[in-house]
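Engineer: heads up, no residue letters with this:
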């Protein structure tokens, strides 16, 4: 099951529209639609925000283990039980892992640049 499918599943379990989730994430409905239809894979920052908003562990979104929520009623207990025995993401998806690591490296570089910029501004 793809990340997009899992995002959609958790969103629908909360009875939220794509627009509802988009507003909570300060993004667009189109972004959510593209993620859920697997046209785009969210970067690590957005994926983390999605997990927090949906109140799930980020590994639950990354994990390739099939998850089925039979009930449209969302409860904390149902989420707590989802993938509880499979807490790490599937290493059979090296492209996804590579993409996430690359995004994190880029974030680290941007943070370093930002720190240097702030430091130079404070010196003025």
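Structural biologist: Yep, that arrived. Just so we're clear, the structure is a prediction, and the values are computed from it rather than from any experiment.

Engineer: which intervals of this protein have sub-threshold pLDDT?
Structural biologist: For the chain, the stretches with pLDDT under 70 are 64-94.

Engineer: mind running it again at 50?
Structural biologist: 66-91 (pLDDT under 50).

Engineer: what's the residue nearest to the spatial centre of the chain sitting at in phi/psi?
Structural biologist: With distances taken as CA atoms, centre = their mean, residue 47 lies nearest the centre of the chain, 2.0 Å away. Dihedral pair for residue 47: phi -60, psi -40, per degrees, to the nearest 10.

Engineer: Which strand or helix spans residue 20?
Structural biologist: Per DSSP states H and E: residue 20 is located in helix 18-25.

Engineer: how big is the angle separating the helix or strand just after that helix from helix 18-25?
Structural biologist: Downstream of helix 18-25, the first helix or strand assigned by DSSP H and E is helix 29-36. Orientation check (axes from the mean of the first three to the mean of the last three CA atoms, to 10 degrees): helix 29-36 against helix 18-25 gives 100 degrees.

Engineer: Show me what helix 29-36 is packed against.
Structural biologist: Counting contacts by 3 or more CB pairs under 8 Å, 6 or more residues apart in numbering; DSSP states H and E, helix 29-36 packs against helix 3-13, helix 18-25. C-beta coordinates here come from the backbone N, C-alpha and C atoms, glycine included.

Engineer: so how many other residues sit close to the spatially closest residue to residue 2 that is not a sequence neighbour?
Structural biologist: Nearest residue to residue 2, sequence neighbours excluded (CB to CB, 6 or more residues apart in numbering): residue 38, at 5.1 Å. By the measure other CB atoms under 10 Å, the count of residues near residue 38 is 13.
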